[in-house]
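Engineer: quick one: sequence plus predicted model below, questions after.
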Amino acid sequence: MRHQLDLSKLRFVREGGEWRHIGAREVPTGWFEPRFDDSKWNRGHAPFGFKNHDEAVVVPSSPADGRAVMYSPALFRNRFEIDDRAIAKTLRLRARYADGIVVYLNGREAYRNNLPSRQLRAGTLALKKVTAAAQSAYLPIDLKPDMLVNGSNVLAIEVRQAKPLESGLLFDAELVANSVLQAELPQVAFLAVREGSMFTTAKMATVTLDAIASQSKVQSVTLHVDGQAIGTVSRPPYRFTWRPHEGAQRLRAEVVDVNQQTNVRELTVNGVQNIPPRVSVRIEPAGTQGDALTIVAEPIDDDGEIKQVEFLVSQGDRFDSPIVSVGTVSSPPYRVTIPNPHGEHRLVQVQARDDKGELGVASTHIGMKH
């Protein structure tokens, strides 16, 4: 009688699988040990993260807190069963993460990257930010099969950011024995360009790409615009220039590694005659008794000049409360001071208009914290 081997039993942890997880203000003692009680931790399916990726789940700071709080580190645990560990001749972890990682298997540290070699404390950060392309790559990590045990096993992973307020935490992983997978594909990513980004038709546009080949080397990176190759670059920086036309155009980035493996990333951008201003807004305390607040706007116009910035504030805490102008500023610094509503909610809106009449808008809120 012929028997077919069930290869799924060799995939102990699946990509996109379910994990116990928590964002840690303080790292629990022995959290990576197999006997640690994680029953009160959150449960969710990977990929995990905060922003700028395709994360399915954010990492809350506690089991009772569902908010995406930027706490580093984030801790993950996955328990799996093995009947006979001898079946695992090789053991590979494929991990996608940003920025630094420590891997524990059954209470023993098995791998560490982009983190100090010393004991990690609650405030320890990763050594550097992971590049945009690397955030899309699953990096192969070979582990020792003899770290497995018959019965219950625990894979515990710690992920830390390099700059918690700037870089987005990211994590997904799979654990496979006797892997016969092909080499990982190279990855390519657009830098500072997103779906729907706008470029002025009045001048040449520049796009920079990031590329990585985790198991080999990048041979070339090519950018196509509406199906036409506009250039190929063999080493970084992978920078390309073209003249946008008015309307939508499709960008296609292609990376090739030295093993002739390829990967692509696509998005649509828009050519316009005038790009609207970009503007950010923040609230600062003012006055000696906390009786005032200053609204600060920072407008940027990529293809012209800022003509004026108008500040508007709602007159109540209902969603339909009227919003009225509290000041207009025509030159920097762009800021106005208003009375502190002392706990009452207010919507704040900033409208930046450029010299061609285009409008950029940003909003924030005034609430209890002010």
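Structural biologist: Ah, there it is. Numbers count the residues shown, from 1 in each chain.
Engineer: sticking with residue 28, tell me its helix or strand.
Structural biologist: Using DSSP states H and E, residue 28 falls within no helix or strand.
Engineer: next up, the contacts around it.
Structural biologist: If you count contacts by C-beta atoms under 8 Å, 6 or more residues apart in numbering, residue 28 has them with 36, 75. The way it works is simple: take the backbone N, C-alpha and C, and place the C-beta from them, glycine included.
Engineer: quick one: it and residue 202, what's the gap?
Structural biologist: Distance of residue 28 to residue 202, computed by C-beta to C-beta, to the nearest Å: 56 Å.
Engineer: then residue 100?
Structural biologist: Separation of residue 100 from residue 202 (C-beta to C-beta): 43 Å.
Engineer: what does residue 348 give?
Structural biologist: For residue 348 relative to residue 202 (C-beta to C-beta), the value is 33 Å.
Engineer: neighbour count winner among the two?
Structural biologist: Per other C-beta atoms under 10 Å, whichever of residue 348 and residue 202 has more neighbours is residue 348, with 22 against 14.
Engineer: surely that one and residue 341 touch.
Structural biologist: No - in this structure, residue 348 is not within contact of residue 341 by C-beta atoms under 8 Å, at 10.6 Å.
Engineer: residues shared between the contacts of those two?
Structural biologist: Residues touching both residue 348 and residue 341 by C-beta under 8 Å, 6+ apart: residue 366.
Engineer: could you list the buried residues of the strand or helix carrying residue 210?
Structural biologist: In the assignment (DSSP H and E), residue 210 maps to strand 205-212. For strand 205-212, the buried set under the neighbour-count rule, 16 or more other C-beta atoms under 10 Å, comprises 205, 207, 208, 209, 210, 211, 212.
Engineer: what does stretch 40-52 give?
Structural biologist: Quick answer for stretch 40-52 (16+ other C-beta under 10 Å): 41, 42, 44, 46, 47, 48, 49, 50.
Engineer: can you give me the strands for the stretch 151-300 of the chain?
Structural biologist: Ranges of strands in the stretch 151-300 of the chain, per DSSP state E, counting those that start in this stretch, are 151-160, 170-177, 187-191, 198-200, 205-212, 218-225, 228-233, 238-242, 247-257, 262-272, 278-286, 292-300.
Engineer: pairing partners for the fourth one, with directions?
Structural biologist: In its sheet, strand 198-200 lies beside strand 262-272 (parallel), with partners assigned from DSSP bridges.
Engineer: return the distance of the partner strand from the chain's centre.
Structural biologist: Distance of strand 262-272 from its chain centroid, counting by C-alpha atoms, centre = their mean, to the nearest Å, is 19 Å.
Engineer: residues contacting that strand, please?
Structural biologist: Strand 262-272 has contacts (C-beta under 8 Å, 6+ apart) with 185-190, 193-201, 244-256.
Engineer: where's residue 251 relative to residue 156, distance?
Structural biologist: Separation of residue 251 from residue 156 (C-beta to C-beta) stands at 40 Å.
Engineer: those two: who's more crowded?
Structural biologist: When residue 251 and residue 156 are compared for neighbours, residue 156 comes out ahead with 26 against 22, by other C-beta under 10 Å.
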